[in-house]
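> fold the following for me, if possible:
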Amino acid sequence: MELLRLYRIYRDNPLICTDSRRLEPQCLFFCLKGERFDGNAFAEEALEKGARFVITARSDLKDPRVIQVPDPLLTLQELARHHRRTFTFPVLALAGSNGKTTTKELLKAVLRKAYRCHATPGNYNNHIGVPLTLLATPSDTDFLVVEMGANHLQETDFLCKLAEPTYGLVTNNGLDHLEGFGSPENVARANAELYEFLKATGGVAFVNMADASLVKYSEGVQRVAYNVPNSMAWDNGVQEGLQAAFLVGGREKWIKLNMFGRHNVLNALAALCVGRYFGVPENDIYQALESYQPTGHRSAILSYGGAIVVSDCYNANPSSMEVALEEFLRVAPAPRTVILGDMWELGSYSAEHHLRIIHRILNAENLQAILCGPLFTQAAREVSANLLCFESVQSLKNWFSGQNWQGHHILLKGSRGMSLEKLLE
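Alright, predicted model coming up:
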């Protein structure tokens, strides 16, 4: 079937589904093949549940509602790119090692004060999620924020060629997905693929000009600066304490965020910069930043059994864990405890970075440290560290729930697969 005909079908009822368990009647069901499931096997089920059309690679189905294509994923991506090219509003792409989702949510909160802003739902930021984001963009949208995740070189470039952003922002260059990228240098190169796309297409990048790495890789792009004095947005001081707060540069206005850590001030400055650039009223920007509530255990400040808990366990890599740990050690009063879970997807760098974190906590004063997972446990054995280690979250929870945490400050930080938030359930 020609792409234009499929696009007309989509426009008649723009509802896309790739999971038969969440299928809605009259949707277009794309049979995608993943690591664990092959969506082509669910084509009949999708038809029975009321799919309007099923896009599949199978040739054995004779139902008129079946659209056979060589590659359903490629068809989904081409459909999304075609739809993107009907947009006349700004499309801002967001890349980086840490803080993407939080920055995206802050941007959405700020921009919705003046625009009908659509943004990537959850973390739909890969080769499937970005097309779904584009195709789920409502017809009355006048601003789109697209989060882009990557774990290997050329992935951000590919996503840019789907979403064709007119604006972009890289939060930072860190140590994420080293197993896929192969080196810290490749992480920065991968994030810079967004800059390269903007450079080639005449787009605009919002750049943290206090970050030497971002300055270097964004050379040649039309830049809007932030986080340096007299730029579009900078702080004139940061308040001490678990809850991030900063004085807006050039204004006598303190912004208090409902999040942990001064590293989140950078995320807020990015949103402030973009909001100002696009003319969102100043007081509306402040209100959006101060009213934002973090979701998914991203830098959230919670209560548990009389303790104050910083639940920052949506994900972790060496750079984000070091930042969270250093900030917690800087501002959290005693008695204080850090509970750290394994950092995944580090490949050959794994042992080195788990050991580095262990050495840091061993040198900290007035700190109880608890490690969870086989990677941290093995690293602790290698240095004969006398630390409390648990192989699994369940064994840790059995111990954790029996302790008296009254008056404590606790940091939870670990990779998504560790699910450390289960300690609080």
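> ok, the residue of the chain most remote from its centre to Ala51 distance?
In terms of distance from the mean C-alpha position of the chain, Lys62 ranks first, at 41.3 Å (C-alpha atoms, centre = their mean). Applying C-beta to C-beta, to the nearest Å, the value for Lys62 to Ala51 is 16 Å. C-betas here are computed from N, CA, C, even on glycine.
> what's the answer for Leu23, then?
Counting by C-beta to C-beta, the gap from Leu23 to Ala51 is 6 Å.
> and those two? which has more neighbours close in?
Ala51 (25 against 20; other C-beta atoms under 10 Å).
> any idea how far Leu162 is from the residue nearest to that one when sequence neighbours are not counted?
The shortest distance from Ala51 to any non-neighbouring residue, by C-beta to C-beta, 6 or more residues apart in numbering, is to Phe29 (4.2 Å). Separation of Phe29 from Leu162 (C-beta to C-beta): 20 Å.
> ok, the two, which is more surrounded?
Phe29 (30 against 19).
> if I pick the more buried one, what's in contact with it?
Cys17, Thr18, Ser20, Leu23, Gly39, Phe42, Ala43, Ala46, Ala51, Phe53, Val54, Ile55 (C-beta atoms under 8 Å, 6 or more residues apart in numbering).
> ok, so of the residues you listed, who is nearest Asn172?
Distance to Asn172, by C-beta to C-beta, is smallest for Thr18 among those, at 30.7 Å.
> hmm, back to that, hey, what's in contact with both of Leu23 and Ala51?
Cys17, Phe29.
> after the least confident helix or strand in the chain by mean pLDDT comes which helix or strand?
Of all helical and strand segments in the chain, the minimum by mean pLDDT, DSSP states H and E falls on helix 178-181, at a mean of 78. Remark: after helix 178-181, the chain's next helix or strand is helix 184-201, criterion DSSP states H and E.
> list of residues touching the following helix or strand past that following helix?
The helix or strand immediately downstream of helix 184-201 is strand 204-208, counting by DSSP H and E. By C-beta under 8 Å, 6+ apart, the surrounding residues in contact with strand 204-208 are 166-172, 194-195, 198, 214-215, 218, 221-227, 232, 266, 269-270, 273-274, 277.
> next, the angle from strand 204-208 to helix 184-201.
140 degrees (axes from the mean of the first three to the mean of the last three C-alpha atoms, to 10 degrees).
> how distant is strand 204-208 from the center of its chain?
18 Å (C-alpha atoms, centre = their mean, to the nearest Å).
> give the buried residues for the next helix or strand after it.
Once strand 204-208 ends, the next helix or strand along the chain (criterion: DSSP H and E) is helix 212-217. Going by neighbour count (16 or more other C-beta atoms under 10 Å), the buried part of helix 212-217 is Ser213, Leu214, Tyr217.
> equivalent analysis for stretch 295-305, please.
Neighbour count says stretch 295-305 has Gly296, His297, Arg298, Ser299, Ala300, Ile301, Tyr304 buried, by 16+ other C-beta under 10 Å.
> in the stretch 51-200 of the chain, which spans are helices?
For the stretch 51-200 of the chain, the helices defined by DSSP state H, counting those that start in this stretch occupy 72-84, 100-111, 129-135, 155-163, 178-181, 184-201.
> same deal with the stretch 251-400 of the chain?
Using DSSP H, counting those that start in this stretch, helices in the stretch 251-400 of the chain cover 263-277, 282-291, 318-331, 350-362, 374-382, 393-400.
> nearest to Phe143, of those helices?
Using C-beta to C-beta, the nearest of the helices of the stretch 251-400 of the chain to Phe143 is helix 263-277, at 9.8 Å.
> what's the average pLDDT for that closest one?
Averaged across helix 263-277, pLDDT comes to 97.
> got the angle for whichever helix or strand Leu412 is part of vs helix 350-362?
Assigned by DSSP H and E, Leu412 belongs to strand 409-413. Calculated by the same axes, to 10 degrees, strand 409-413 forms an angle of 170 degrees with helix 350-362.
> heads up, I number from 434, so please use that
From this message on, residue numbering opens at 434, which makes the last subject strand 842-846.
> who's in contact with strand 842-846?
675, 730, 737, 740-746, 749, 753-754, 757-758, 761, 765-774, 853-854, 856-857.
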